[in-house]
Each structure stands twice: as structure tokens, then as C-alpha cells.
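J.: Just to be clear, the model below is a prediction. Sequence and coordinates:
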Amino acid sequence: MTDLSKLPPVDPAVPNAARMYDYFLGGSHNFAADRAAVERTIAVMPFAAQVIHANRYFLGRAVRFCAREGIDQFLDLGSGIPTVGNVHEAARAVDPAARVAYVDNELVTVASAAALLDGDPLATITAADLREPDAVFEAPGVRELLDLSRPVALLTVSVLQFVHDDDEAAAIVEQYRGRLVPGSMHVLSHVTGDHDRTELTAAEDVYRSTANPGRLRSREQVAALLAGLELEEPGIVDVTEWRPDDTAGRQHRGMWAAVGRIR
């Protein structure tokens, strides 16, 4: 069982990105402040909910792709609150023995995931900050579940925008990828203002009043976070355009997405 005492206490009056994401997806693990922040986001970015759903669809597609490529281990950083389309559900649709180590640093998220995963020997939740790779890898829920001598899919899906400094973000992903063997994958999505700058910038302003202010990055800046990887087709594309097999549509939704292989 993960140690919830490592996490800061919940302040229901301060919106949190993980709980806002949960509300966007129709979940119930959120507070009035989170819901109000979501409504403020939608007011300035009317297609915000579509962005969130498109990102969730991408996550499922990318996880299933990795599983079909033979990867049966997943490390999900900034996993968010459990809702429909969890990583372990998507992975096990391909490989019933897939293992998933979730990591998050928000108390409601971790507590909710712990309840959901209770009794599941192939999935864990770890209370940790993704900015501390050594602590993540040393945590029992990661160390005892994942075999790092075999390929792992590293998931940083809509989370690196909360690491504002470019050099720090690049160093973090390099530290994680450096612990993974060749054949591992890195799945990434990231908010951008490249398509709808006015709306995304306004949404960025809303997030500044939350516990998790985010930062937009351009395609070039996202590409820098994937440096050294062999990108799977179709490369870095809008989140709706990465091997679509759903009905999310092809309109730009405000996120870049890619999957890269570690060689």
C-alpha cells in the first residue's frame, strides 16, 4: 500500500489539475473549486473538453500499440484519477498479464487509485513526484512490479507541461529513459498553442490560478523532449491524428502527441 503521508494535504478551495481532468472526463473525484476552474477554462476555450477526451483516446491507442509491440510493462507518470480507459484496462485488452505502475503526487488521485487497484497484483499506485526519478524507481510499487531488464513503456501523457523549465523537463525524461532498456517506448502528449493560440493562452492563464500552472510548448519544443528516440509513424502529430481508430475527428485539439522507441 502506498504511503499517503508523503503527499501534501488536500485543500479543496484550490483547484488541482488532476481533479479538473477528472471532471472534464465526467468523473466524481473533484471539488467545487475544480469544477469552477473547468467552467472558466471552457469559457475561454470552448473546445477544452474535446481536447481532454482526444488526449484520453490517444492514451488508449498508444498503450494498445505498445502492447501489440510486445511490451507488457507500463510506467505511467502523473497518471491522474482513475476513470474509464485506464492504462491497465487498455493494456490488458491486448495482454491480460500486462503490469502497470501508476505514479502521482495528488492525494485524492492516489487514494482513489489505491481503492480501485486493491486486490490487483499486476497494478500499483505510487505517491511520488515525477521530478524525482530516483525516488520513483526506488518506490516498492515500481521496483517490485517492473522488471527493468525488459522493455517498459514510459507514459508522460499531458503532464510535462507542469514542468516549466525546458532544461529540467528534458533532463527528467532523459533520466527515466536512461534506466530503460532498448526496445522500450516513450509515449508523450503535450499542450500547445501552435493551432489555437488565443484560446490556449487564455486557458493557460486560468491554470495559473490552480495548484498546477501549466506551460504551452511548440512542436519544436516537444520534439526536443523526444530527442534521441526513433519516432514511430506518424511522428509528432496532433493528438487526434496519431493512428486514429476512433471518432474524435481530425480537428486540431491543442496537443502534440508521439511515441518513440528507445534504441
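T.: That came through fine.

J.: quick one: secondary structure of the nearest residue to residue 131 once chain neighbours are set aside?
T.: In space, not counting the residues next to it along the chain, residue 131 is nearest to residue 172; the distance is 6.1 Å by Cβ to Cβ, 6 or more residues apart in numbering. Where you see a C-beta, it was placed from the backbone N, CA and C, and this is true even at glycine. Using DSSP: H, G, I helix; E, B strand; the rest coil as the criterion, the local structure at residue 172 reads helix.

J.: I'd like to know how many residues surround residue 172.
T.: A count of neighbours around residue 172, defined by other Cβ atoms under 10 Å, yields 20.

J.: Am I right that it is in contact with residue 130?
T.: Yes - counting by Cβ atoms under 8 Å, a contact exists between residue 172 and residue 130, whose distance comes to 6.8 Å.

J.: in stretch 235-243, what counts as buried?
T.: Along stretch 235-243, the positions that meet the burial threshold by neighbour count (16 or more other Cβ atoms under 10 Å) are 236-242.

J.: scratch that, stretch 219-233
T.: By 16+ other Cβ under 10 Å, the buried positions in stretch 219-233 come out as 219, 221-223, 225-226, 229, 232.

J.: Okay, and residue 177 sits in which element?
T.: Using DSSP states H and E, the secondary-structure element containing residue 177 is helix 166-178.

J.: which helices and strands sit right next to the very next helix or strand once past that helix?
T.: Along the chain past helix 166-178, the next helix or strand (assigned with DSSP H and E) turns out to be strand 185-191. Here strand 185-191 touches helix 48-68, strand 153-157, helix 166-178, helix 219-225, strand 255-261, going by 3 or more Cβ pairs under 8 Å, 6 or more residues apart in numbering; DSSP states H and E.

J.: can you give me the strands for this protein?
T.: 73-77, 99-104, 123-127, 153-157, 185-191, 230-231, 237-238, 255-261 (DSSP state E).

J.: what about those strands, which gets the closest to residue 137?
T.: Distance to residue 137, taken as Cβ to Cβ, is lowest for strand 73-77 among the strands of the chain, at 8.8 Å.

J.: What degree of burial does the residue lying closest to residue 44 once chain neighbours are set aside show, as a neighbour count?
T.: Distance criterion Cβ to Cβ, 6+ apart; nearest residue to residue 44, sequence neighbours excluded, is residue 202 at 3.6 Å. The tally of other residues near residue 202 (other Cβ under 10 Å) stands at 16.
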